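Asks: pasting the structure only:
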């Protein structure tokens, strides 16, 4: 039996308001031009869908419960709020905390709300009921990363009253604490020059910092078209003309050596990075990508002992390496000293094309040796025949997939769609302790409609339609419950800058790659595509009855036992089928798939096998 969902066809309900406005792109800012115009269509139930429906948002003036007129708008900007906690420039802050400030008043008694910015991102833009800003003197608790610095500000305003925005508060910063197991001793996203040393005897293709120009060789990616994160990384030889045989590594080795770092206080070391490697053929020996940890040794000819962390030197190892791949290396048993370094060497001694790249390097000191002891918490290889001992599973760690795997005790998931017990009952299959987000096929409910798209529409700017004017689209809902063993905790958007981009059209940040949409014909060919750039991942549907409602646009995620819904009325929640012939097709919805030029899905889950839903649809045409 189908579980009732918030529906776009439930008139005058808060559920409709949420589905139509919250997670997707709101209307363009005032003065930026028209987005969608008229949109009409028929659902499979014969009712009319319309994106002209609007959500009921919070009142913009004080609620009139006495019959008296609401307070007048203030005559000018409100006072500037003063920040309270966490204290400016504080350190060792917990990863879950609230941001607090002193409230300000309005001389007319008009209600006052607050915008809260973390790293320049407004966390209060359109809360769950669509009203901007937040009430009161605190926002939170919010989820942050370990060992990350954040900057925050607050601004007061009177809703519905122009010219009342206060000046932004002072900018305060705070630094969160380490996780108690590791401490970051060196990190580089290559946004600046930290002094990596270049060396080697290669005739061409020396390491360079920048943004690579893409190249391909025999249909394979030889150099990526972007860095793994941000706009800067290190790669072998810039090639502005895109010719694969130009500026690749030739005739020897090119080395890249990090600045020194101090590991003397620690018992072990781990290194995480994203790497790319391409070699067109291996007709000779000695061609390779080599990653090494350098340990100071005055008796060694070079002044260092080298511990090999990874060596790619065969055709089998090169297969699939020409995508951005997150990797973790652990040096077990190595002496921990001050002045240690990391070195990458790309070597091509023969014919063919060789390219490599590296990004987002982090070196962590471990306070203990559990990462090396083979038991619970030890590093593991998920591709190994026996990655862990006993009943332990090799499980990805964290929210974002950094290639970090640890031997872990299996835990049960919640049972979907009925937990089968009191709140907090986990009696599903055993697996890794992680969320499990999937697409519920029986809630897709596709229907066709027509929409007019202006030339300055966000739909066109974001690539959701193929051309301006009247377009015929296939709309549908995407419902994604979390039936894992723990929350999908994204937290504030600046926790994961690589997963968000700023939309100039909509004026806020989009979460990249939430879902991809394809229309497939009977021969398996993709005839039309769509995509969804989610603004928020939130708790919207309580399918478990646990009332585990924790996440919204300011603190994003999907709790276990909850689900998020992207309603058919949202921007880009469709496929443009204007040029598709009437007939029978398959609608394919793909969730949490690897982003362009990447090897793994961005979000850690316990089961990736349920992230693609396919269902038959019949396109009637315009």
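Replies: In hand now; what should we look at? All values derive from a computational prediction rather than experimental measurement.
Asks: Find me the pLDDT at residue 456, would you?
Replies: According to the prediction, residue 456 has pLDDT 89.
Asks: Let's verify the nearest residue to residue 284 once chain neighbours are set aside: helix, strand, or coil?
Replies: Excluding the flanking residues, the one nearest residue 284 by CB to CB, 6 or more residues apart in numbering is residue 350, at 3.7 Å. Backbone N, C-alpha and C define where each C-beta goes, glycine included. At residue 350 the chain is in coil, as set by DSSP: H, G, I helix; E, B strand; the rest coil.
Asks: surely residue 350 meets residue 287?
Replies: Yes - in this structure residue 350 lies within contact range of residue 287 using CB atoms under 8 Å: 6.2 Å.
Asks: how long is stretch 243-256 end to end?
Replies: Using CA to CA, to the nearest Å, the end-to-end distance of stretch 243-256 comes to 23 Å.
Asks: Mind telling me what element residue 104 is part of?
Replies: Per DSSP states H and E: residue 104 is located in neither a helix nor a strand.
Asks: what does residue 192 give?
Replies: Remark: residue 192 resides in no helix or strand, with elements defined by DSSP H and E.
Asks: ok, now how distant is it from residue 145?
Replies: 20 Å (CB to CB, to the nearest Å).
Asks: Show me which of the two is the more surrounded one.
Replies: A side-by-side neighbour count of residue 192 and residue 145, using other CB atoms under 10 Å, places residue 145 first with 18 against 9.
Asks: Next up, phi/psi of the closest residue to that one other than its chain neighbours, please.
Replies: Closest residue to residue 145 apart from its sequence neighbours, by CB to CB, 6+ apart: residue 495 at 4.9 Å. Dihedral angles of residue 495 (phi, psi; degrees, to the nearest 10) stand at phi -60, psi -30.
Asks: give the contact list for residue 247.
Replies: Residue 247 makes contacts with 204-205, 236-239, as judged by CB atoms under 8 Å, 6 or more residues apart in numbering.
Asks: where do the helices sit along the stretch 251-400 of the chain?
Replies: Secondary structure of the stretch 251-400 of the chain (DSSP state H, counting those that start in this stretch): helices located at 315-318.
Asks: From residue 453, how far out is residue 236?
Replies: Using CB to CB, one obtains 43 Å as the distance from residue 236 to residue 453.
Asks: More neighbours: which of these two?
Replies: Taking other CB under 10 Å, residue 236 and residue 453 do not tie; residue 236 has more neighbours (30 against 24).
Asks: what about the residue lying closest to the more buried one once chain neighbours are set aside, neighbour count?
Replies: In space, residue 236 comes closest to residue 205 once its chain neighbours are excluded; the distance is 4.5 Å by CB to CB, 6+ apart. A count of nearby residues for residue 205, using other CB under 10 Å, gives 27.
Asks: re the thing from before, more crowded one of residue 350 and residue 287?
Replies: residue 287 (23 against 15).
Asks: residues contacting residue 213?
Replies: Residue 213 makes contact with 223, 225, 238-242, according to CB under 8 Å, 6+ apart.
Asks: now swap in residue 494 and tell me
Replies: Contact analysis of residue 494 by CB under 8 Å, 6+ apart lists 118-121, 150.
Asks: can you tell me how far residue 282 sits from residue 314?
Replies: From residue 282 across to residue 314, the span is 6 Å (CB to CB).
Asks: hmm, I was thinking of residue 103
Replies: With CB to CB as the criterion, residue 103 and residue 314 are 65 Å apart.
Asks: Helices along the protein, start to end?
Replies: 14-21, 315-318, 458-461 (DSSP state H).
Asks: Mean pLDDT lowest where, among these?
Replies: Mean pLDDT per stretch puts helix 14-21 lowest among these, at a mean of 34.
Asks: thought residue 216 was touching residue 222?
Replies: Yes - Residue 216 is in contact with residue 222 according to CB under 8 Å; the separation is 5.6 Å.
Asks: higher neighbour count, the two?
Replies: Per other CB under 10 Å, whichever of residue 216 and residue 222 has more neighbours is residue 222, with 23 against 15.
Asks: Show me what residue 261 bridges to in the sheet.
Replies: Judged by DSSP bridges, the bridge partners of residue 261 are residue 340.
Asks: That one: what's it in contact with?
Replies: Neighbouring residues of residue 261 by CB under 8 Å, 6+ apart: 185-186, 339-341, 363.
Asks: pLDDT score for the nearest residue to residue 264 once chain neighbours are set aside?
Replies: Excluding its sequence neighbours, the residue lying closest to residue 264 (CB to CB, 6+ apart) is residue 338, at 4.7 Å. Listed pLDDT for residue 338 reads 98.
Asks: residues in contact with residue 338?
Replies: Each residue near residue 338 by CB under 8 Å, 6+ apart is listed here: 260, 262-264, 296.
Asks: could you dump those to JSON lines with neighbour count, distance to residue 165 and pLDDT?
Replies: Shown next, in JSON lines, are the contacts of residue 338 (neighbours: other CB atoms under 10 Å; distance: CB to CB, whole Å; pLDDT from 0 to 100):
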{"residue": "260", "neighbour count": "16", "distance to residue 165": "48", "pLDDT": "98"}
{"residue": "262", "neighbour count": "14", "distance to residue 165": "47", "pLDDT": "98"}
{"residue": "263", "neighbour count": "26", "distance to residue 165": "49", "pLDDT": "98"}
{"residue": "264", "neighbour count": "12", "distance to residue 165": "51", "pLDDT": "97"}
{"residue": "296", "neighbour count": "15", "distance to residue 165": "56", "pLDDT": "98"}
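Asks: and of the residues you listed, the nearest to residue 592?
Replies: Distances from residue 592 to the contacts of residue 338, taken as CB to CB, are shortest for residue 263 (34.9 Å).
Asks: pretty sure that closest one is touching residue 365, no?
Replies: Yes - between residue 263 and residue 365 there is a contact under CB under 8 Å: 5.2 Å.
Asks: what do those two both touch?
Replies: Common neighbours of residue 263 and residue 365 (CB under 8 Å, 6+ apart) are 185, 269, 336.
Asks: Next one, pLDDT for residue 508 please.
Replies: pLDDT, residue 508: 65.
Asks: next one: residue 379
Replies: Looking at residue 379, its pLDDT reads 97.
Asks: Give me the spatial nearest neighbour of it, chain neighbours excluded.
Replies: Closest residue in space to residue 379, ignoring its immediate chain neighbours: residue 330 at 4.6 Å, by CB to CB, 6+ apart.
Asks: check contacts around that neighbour.
Replies: If a contact means CB under 8 Å, 6+ apart, then residue 330 has 268-271, 371-372, 379 as its contacts.
Asks: Next up, the contacts around residue 196.
Replies: Contact analysis of residue 196 by CB under 8 Å, 6+ apart lists 188, 207, 209, 234, 256-259.
Asks: same thing but at 7 Å, please
Replies: The contact partners of residue 196, by CB atoms under 7 Å, 6 or more residues apart in numbering, come to 234, 256-259.
Asks: And residue 434, by the same measure?
Replies: Shown in contact with residue 434 (CB under 7 Å, 6+ apart): 395, 484-486, 604-606.
Asks: the strands in the stretch 251-400 of the chain, which residues?
Replies: All strands of the stretch 251-400 of the chain, identified by DSSP state E, counting those that start in this stretch, fall at 252-257, 261-262, 268-279, 288-296, 304-312, 325-331, 338-348, 354-366, 393-396.
Asks: quick one: the third one to strand 354-366, angle?
Replies: Think strand 268-279. 170 degrees (axes from the mean of the first three to the mean of the last three CA atoms, to 10 degrees).
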